[in-house]
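> Based on what follows, work out the 3D shape:
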Amino acid sequence: MLNFVVALPCEAKPLIRHYRLKKRRDCHAFPVYLNAHIALIVSGSGKTSAAAACAFLQVYTGNRSDAVWINLGIAGHSNAEVGTMFVVDKITDAETLHNWYPQSVFKVGLPSACLKTVACVEKEYSEALLYDMEAAGFYPTALRFSTAELVHCIKLVSDNAVSGRSEITRAWVTELMTAAVESVVLFASELLDIAAQITSDDCDQALQAILQKAHFSQSQSQQLNQLLKRYQILSGEPQMPVEIWQNTNSSREILKRASTLLDNQPVNF
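Sure thing, here's the model as predicted:
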């Protein structure tokens, strides 16, 4: 499953056309567009709206734990050329100063940039990074529903210190997004290929085998399940090595070993 979270209708139109998504008439909280394998929700502006839209779409699409999540939209930048597309590799919430670091396990083919989520439109461009209003709401929420390697933000520069925002119109944003659709589709396809590596039967068997070795709380079980899925993606192997649970009956120790294994796992581009 591929889930797009987009703030504005004018940003969403090119994706809706490309994937031939149909609007769901039974959704009143947010506009939702679907086909058999792709969902798009228009969240509205702001990190709270983005977070709420993620949660709504997760429930609406069946609470899948292996979906790809992409936040696509426009952003300001101090000096990057208008129309440049970036994959975000660091998100900072300007209000809380909390940071997140999206993880890529393939050669993206697009430049990366840091992003700061602000509460209102940025006019000063005080730092050489992207500015948006949604990523810090989208990312930690989507991360609750999928593994980190499958959750990403893609931003197109709509304004900078030279151009400003006065020239931005809905029609122009749609045109900007239309020019970028093919690159977005390729990026999403790579993520879907990675998601396909997660074999639910293998993951369920591995999870049940480890759960029998120690007492896990519900939250610990969910954490272990996420670690197993990440291991499948990063290693290509269906199960973790037995050393993870051997000679211990401590759930905390098993989770610690699994986390250490992932931290030391090489990424094969």
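> which helix of this protein spans the most residues?
Determined from DSSP state H, the single longest helix within the chain is helix 170-196.
> Give me the buried positions along it.
Residues 173-174, 176-177, 180, 183-184, 187-188, 190-192, 194-195 are the ones in helix 170-196 that count as buried (16 or more other C-beta atoms under 10 Å). In short, each C-beta sits where N, CA and C put it, glycine included.
> surely His37 meets Leu2?
Yes. Counting by C-beta atoms under 8 Å, Leu2 is a contact partner of His37 at 6.4 Å.
> ok, the two, which is more surrounded?
When neighbours are counted by other C-beta atoms under 10 Å, His37 and Leu2 differ, and Leu2 comes out ahead with 20 against 10.
> hey, what's that one bridged with?
Beta-bridge pairing of Leu2, defined through DSSP bridges, involves Ile38, Val68.
> OK, contacts around it?
His37, Ile38, Ala39, Ala67, Val68, Ile70, Ala188, Leu191, Leu192 (C-beta atoms under 8 Å, 6 or more residues apart in numbering).
> same question, Asn79
Tyr125, Ala128, Asn160, Ala161.
> For it, give its distance to Ser217.
Noted for Asn79: a distance of 48 Å to Ser217, by C-beta to C-beta, to the nearest Å.
> before we move on, what about Thr260?
Distance, Thr260 to Ser217, by C-beta to C-beta: 20 Å.
> what about Thr92, helix or strand, and which?
Using DSSP states H and E, Thr92 maps to strand 85-93.
> Quick check: buried residues in that strand?
Under the neighbour-count criterion of 16+ other C-beta under 10 Å, strand 85-93 has Met85, Phe86, Val87, Val88, Asp89, Ile91, Thr92, Asp93 buried.
> any chance of those residues in TSV, plus pLDDT?
Shown next, in TSV, are the buried residues of strand 85-93 (pLDDT from 0 to 100):
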residue	pLDDT
Met85	96
Phe86	96
Val87	95
Val88	96
Asp89	93
Ile91	97
Thr92	97
Asp93	96
